[in-house]
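Engineer: I'll drop the sequence and a predicted model, then ask my questions.
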Amino acid sequence: MIFCNLGSGSKGNSTYVQDDGPAFLIDQGFSLKDLLARMDRVGLDPRQVSAILLTHEHSDHLHGVGIFARRFDVPLYTTSITRRKIPEKIVKNVRIVEFTAGDELNIAGMKVKTFHIPHDAVDPVGLVISGKQHRIGIVTDIGNEVQYLREYLNNLDILFLESNHDPVMLDNGPYPLWLRQRIKSRDGHLSNKQASALFRQLNLNGRLKHLILAHLSEQNNTPDLVLKQFALSVEKRESPPQLYVATQHEPGVVIEL
């Protein structure tokens with residue numbers, strides 16, 4: 001199974017997943033030129049992509065879905081509620097497959113369990129992707145560490161988890177009050193502390209090999225703060241996973257399971 005985050009943050013998001021066959025993208029918030037350059041940098045072939053799955057309608061996840069889908073003639077998977085929020089100009093001449101949050105999908109030969117997450121979008125979803133032997137959990141753009149996530153985020157080989165902001169940096173940073181309140185709300189984004197608390201609650205049974213912390217704020221967080229927050233939580237695990245921080249401007253490493 002192959003996993004590669006191609007960029008994560010408020011300026012664009014996209015992730016590549018493959019398991020012994022075709023691949024699919026989770027979100028596509030970049031220009032086509034930018035995304036193809038990122039894929040080329042890490043040796044991934046866009047012609048292997050057979051679909052795009054959209055987690056929610058915010059532009060940093062949606063911006064480039066249409067142009068990629070049209071160029072490579074692949075369908076877009078989105079919830080029916082989210083579909084109604086997508087501007088028609090973005091998805092013109094794109095094949096759309098609608099689903100309901102909670103459905104299990106079959107995409108590129110992988111089972112994709114979808115589930116609702118708290119965020120200020122109309123119908124945002126988290127994902128657990130199961131290949132023939134491995135499982136990947138993807139949870140970003142989430143406002144609080146709700147207990148029901150433990151039902152889904154278990155026995156994973158890879159966890160891609162939001163760790164968006166440091167509360168002190170946010171409170172003393174350049175953002176206006178309304179935006180700081182939105183980020184800290186229960187439908188906003190996870191702080192480093194909240195993300196670490198969620199991670200400690202998960203039943204991973206010593207299986208987790210890779211933990212990628214994602215969607216960092218460029219103004220209100222730093223990789224060093226994230227790594228410091230998670231270091232102790234990871235070290236306490238019986239079999240500590242490899243720890244990474246996803247970045248906005250460069251693709252991450254290609255992880256092969």
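Structural biologist: Yep, it's here. Numbering: from 1, shown residues only.

Engineer: Show the pLDDT at Ala121.
Structural biologist: Looking at Ala121, its pLDDT reads 97.

Engineer: Not counting its neighbours along the chain, what's nearest it?
Structural biologist: His56 (3.7 Å; C-beta to C-beta, 6 or more residues apart in numbering). Heads up, the C-betas are built off the backbone N, CA and C, glycines and all.

Engineer: What residues does the one you found make contact with?
Structural biologist: By C-beta atoms under 8 Å, 6 or more residues apart in numbering, His56 lies in contact with Leu62, Thr82, His119, Ala121, Val122, Asp123, Pro124, Val125, Asp141.

Engineer: Likewise for Phe199?
Structural biologist: By C-beta under 8 Å, 6+ apart, the contact list for Phe199 reads Leu159, Leu161, Leu211, Phe230, Ser233.

Engineer: Of those, which belong to strands?
Structural biologist: Leu159, Leu161, Leu211 (DSSP state E).

Engineer: For those, give me TSV that also has pLDDT and distance to Glu98.
Structural biologist: TSV is the format used below for these (pLDDT from 0 to 100; distance: C-beta to C-beta, whole Å):
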residue	pLDDT	distance to Glu98
Leu159	97	27
Leu161	97	27
Leu211	96	32
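
Engineer: coming back round to it: report the buried members of the contacts of Phe199.
Structural biologist: Among these, the ones that count as buried by 16 or more other C-beta atoms under 10 Å are Leu159, Leu161, Leu211, Phe230, Ser233.

Engineer: beta partners for the second one?
Structural biologist: As for beta bridges, Leu161 partners with Val139, Leu213 under DSSP bridges.

Engineer: from memory it sits against Leu213, does it?
Structural biologist: Yes - the pair Leu161 / Leu213 is scored as a contact, 6.1 Å apart, by C-beta atoms under 8 Å.

Engineer: Now for the two: what residues contact both?
Structural biologist: Ala195.
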